[in-house]
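Undergrad: Pasting the sequence and the predicted model now:
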Amino acid sequence: QPYTTPTHGCAIPPATSPPATSRPAAPQARTGDRTPPPARQADARHAAMGSPEDDISELAKAFLAEDHARIDARLPGWLEELTRVGANQCWHKRSTFKAHLYHVYQILKMWGQDDDVTSCGLFHSAYSNSYVNLAIFKAEADGRPRVKQMVGDSAEALIHRFCVVPRHQLIYDHLVKPLQDVYDKSKLVVPREGVTVPHIHTGEPVVVDRYEVAQILIMTIADFSEQWFSWQDTMFENKDGRMHYAGHKAAVLWPGPMKPGLFHSACSRFGLLARSCLDKGCSDEQPTILGRPAPRMPPVFNHCTELLLETDQQAALDAYWEAVTQCDVPERSADAQRLLEACARHNPYVAEPHTMLAQLHLNRGDFGAALPAARTALRLHLQWATAWDKRLSWDSWVAWTRVLLHAARNGAAGMTSAWPPPDTPFGMINLGLVPDMGY
């Protein structure tokens, strides 16, 4: 049966506040001793007794299975059309243009956005836009009727709007720069009358109302999250993490080291600005913008209610990169744990440090600590529906996290062979099967 979009990509309601991510460093076990304290073992056995946190939604399973018809009966045809017009042969930042469009669609779908917004995500630069020249459909020729035939009138109108509005000017010049030194969340607001910007082709004024501003901000969070990594940071000299596109280093070699990008702080601002578009006094159960049902706020940054400071963003990235590039060997596992916990403390919205912490705890035989780390990692991976550390794909991170979660549950339930001993590399490469994955 076709899948109906749920409220969240994850099967459980999101936490009302960022999860506690740091814990005191566990005492170092003796060489060969992988047995946690008895009290920890008892707590772990109790925690391992099944939890909805270990489940993932049917929609997430459909994306992992690449079961496109189950996601939307129209999706296979849309993807074939993107291939027909050559999107799979165009380059786009970290992948092909087709892959980028599909994964932005995936993010928006996992966030529970409506058909117009998710369709716009799949075709969001198809007429080209103020950022890129990727006009795989010619709006001035027969492109608009073709796209309209595929996605419908209202979705095509949003796609066209997204392509003719100068997005950088709208978001940065009118919304972000005037408030760049504002850290009071209540003052990060979109003007009630919306924003007026020039049409990128004709120069005529275009009034973008609050509803459209919210849609564009949500799509931009998805767009940036899918594509941004250190290559763009270096080119634009994004040293402060504010993403002002101020640098001039176009000759930087692509893709570079693929260090995670400094985009989360800016995206947390976009989320707060999107939330500010809601009508004053509207109910939390049925939020509206200009009297219309509002787009669903993405689950990231605690449903777009939190502001990640640039200093915390940088501290988290520095700690993470040191952990994964200098402390990946067993002899430095204590340093890796300290750094990954620091990363999670400074930026509690990223999944990857929790995935790595789960492995560190499993290596030490501390299943009681591995279990919540793996559960937190899985929840955050599903919230983002894309990878922060783009050296690996999102589905790779999810698969590995589920392997860790399964091992943690088995170990917490008393299965002594749940995780390979640290001196058995063949045991590690034997891992991979995700039990109970039924698609």
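TA: All right, it came through fine.

Undergrad: where along the protein do the strands fall?
TA: With DSSP state E applied, the chain shows strands at 91-92, 95-96, 195-198, 205-208, 288-289, 292-293, listed in chain order.

Undergrad: wait, which of the ones you listed is closest to S125?
TA: Counting by CB to CB, S125 lies closest to strand 91-92 out of these; the figure is 8.6 Å. Heads up, the C-betas are built off the backbone N, CA and C, glycines and all.

Undergrad: Which strands border that closest one, and is each parallel or antiparallel?
TA: Pairing partners of strand 91-92, with direction, according to DSSP bridges: strand 95-96 (antiparallel).

Undergrad: quick one on the thing from earlier: L79: which of the strands of the chain is closest?
TA: Comparing those under CB to CB, the one sitting nearest is strand 95-96, at 12.1 Å.

Undergrad: who touches the closest one?
TA: Outside of strand 95-96, the residues within contact range by CB atoms under 8 Å, 6 or more residues apart in numbering are A87, N88, Q89, C90, H103.

Undergrad: rewinding a little: between the strands of the chain, which one is nearest to V189?
TA: Of those, nearest to V189 by CB to CB is strand 195-198, at 12.0 Å.

Undergrad: what are the pairing partners of that closest one, and which direction each?
TA: strand 205-208 (antiparallel).

Undergrad: Provide the contact partners of the strand it pairs with at residue level.
TA: Against strand 205-208 from outside (CB under 8 Å, 6+ apart): R161, V164, V165, L170, G194, V195, T196, V197, P198, H199, I216.

Undergrad: Run a quick check on the first one versus E212, I expect a contact.
TA: Yes. The pair R161 and E212 qualifies as a contact (CB atoms under 8 Å) at a distance of 6.6 Å.

Undergrad: out of those two, which sits in the busier spot?
TA: Legend: neighbour count by other CB atoms under 10 Å for R161 and E212, higher for E212 (21 against 15).

Undergrad: For the more buried one, report the pLDDT, please.
TA: Note on E212: pLDDT of 97.

Undergrad: Test my guess that it contacts V195.
TA: No. E212 lies out of contact with V195 (CB under 8 Å); the separation is 9.0 Å.

Undergrad: quick revisit: now the contacts of strand 95-96: which count as buried?
TA: When the contacts of strand 95-96 are checked for burial by 16 or more other CB atoms under 10 Å, the buried set is A87, N88, C90, H103.

Undergrad: neighbours around the closest residue to the last one other than its chain neighbours, how many?
TA: Which is H103. Spatial nearest neighbour of H103, chain neighbours left out: E226 (4.9 Å); criterion: CB to CB, 6 or more residues apart in numbering. Here the count is done by other CB under 10 Å, and E226 has 27 residues near it.

Undergrad: got the contact list for E226?
TA: Contacts of E226 were listed using CB under 8 Å, 6+ apart, and they are R94, H100, H103, V104, I107, T386.

Undergrad: can we see that at 6 Å?
TA: H103, V104, T386 (CB atoms under 6 Å, 6 or more residues apart in numbering).

Undergrad: Now intersect these with the helices, please.
TA: Per DSSP state H, helices hold the following members of the contacts of E226: H103, V104.

Undergrad: Please tell me how far the spatially most central residue of the chain sits from W394.
TA: In the chain, the residue lying closest to the centroid (CA atoms, centre = their mean) is W384, at 2.7 Å. W384 sits 8 Å away from W394, taking CB to CB, to the nearest Å as the criterion.

Undergrad: swap in L340?
TA: 19 Å.

Undergrad: Looking at those two, which is more packed in?
TA: Neighbours per residue (other CB under 10 Å) separate L340 from W394, with L340 holding more: 28 against 23.

Undergrad: got the contact list for the more buried one?
TA: A323, P353, M356, L357.

Undergrad: do that again at 10 Å, thanks
TA: Counting by CB atoms under 10 Å, 6 or more residues apart in numbering, L340 touches 21-22, 316, 319-320, 322-324, 327, 352-357, 359-360, 373.

Undergrad: Pull out the buried residues from the residues you listed.
TA: Neighbour counting by 16+ other CB under 10 Å classes 21, 316, 319-320, 322-324, 327, 352-357, 359-360, 373 among those as buried.
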